[in-house]
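> I would like the atomic coordinates for the input below:
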Amino acid sequence: DRGDKGGADFREVEPQIPSDALASATWRPNPFLENVMLLDYVQDLPSHGLAVDIGCGSGRDAVFLALVLPAAWTVVAVDNHQGALDRAAELADSAGVQLDLRCLDLRQPGVLDEWSGAIDLAHGCRFLHKPLIYDLQSKLLRRPGGRIIWSTFAGNAQHQPEDNLAPP
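Modelled structure (predicted):
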């Protein structure tokens, strides 16, 4: 029991993979995302929608979303490295899912504005650009019901922003 809607107790969640494609995969999604998707936090999502994986890297979380969300959902995978997106395309193909792959610099203001008010689920892992989080909350998420699932490092971030970028 989570108590209020503001938090979740992930210690009691035993992942139950809902997809045959994932059960035989040699890769795993980020455990935090996997657990959140199994909780009732996302059980009342609409039958169709738009999910955006922000800073998707090689695409494992975007592919996972495409596998577990209803078939009428569109999953957009965004990263600033074309090489990572090429690997994401290969992973999506091997899993039998479609991704809308976009090579964008998420640090640029307004880069996601084409989806203003249309994002039902925004996901990010190991990428943090605070102005982007503000934009997601203030204008990009669909109201009511848009959700953000985000996990990042909690350590000292006193380095240059360029240090947060993954290698190509």
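
> what's the single longest helix in the chain?
Assignment by DSSP state H gives helix 82-95 as the longest helix of the chain.

> Quick one: mean pLDDT for that one?
For helix 82-95, mean pLDDT rounds to 96.

> Got the phi and psi for the residue nearest the centre of the chain?
In the chain, the residue lying closest to the centroid (CA atoms, centre = their mean) is His123, at 2.6 Å. Dihedral pair for His123: phi -130, psi 140, per degrees, to the nearest 10.

> Let me see the contact set for it.
By CB atoms under 8 Å, 6 or more residues apart in numbering, the residues touching His123 are Leu33, Ala51, Val52, Asp53, Ile54, Asp61, Ala62, Leu65, Ile148, Ile149, Trp150. To be clear about C-beta, it is placed using only N, CA and C from the backbone, and glycine gets the same treatment.

> what pairs with it across the strands?
For His123, the beta-bridge partners are Asp53, Ile149 (DSSP bridges).

> what packs against the longest helix of the chain?
If you count contacts as 3 or more CB pairs under 8 Å, 6 or more residues apart in numbering; DSSP states H and E, helix 82-95 packs onto helix 60-68, strand 74-79, strand 100-103.

> and that helix with helix 60-68, angle?
Relative orientation of helix 82-95 and helix 60-68, computed by axes from the mean of the first three to the mean of the last three CA atoms, to 10 degrees: 30 degrees.

> ok, the contacts of His123 vs Ser116, which is closest?
Val52 (12.0 Å; CB to CB).

> Apart from its neighbours in sequence, what residue is nearest the closest one?
Excluding the flanking residues, the one nearest Val52 by CB to CB, 6 or more residues apart in numbering is Val76, at 4.6 Å.

> just checking, that neighbour touches Gln98?
No - when contacts are counted by CB atoms under 8 Å, Val76 is not listed as touching Gln98 (10.6 Å).
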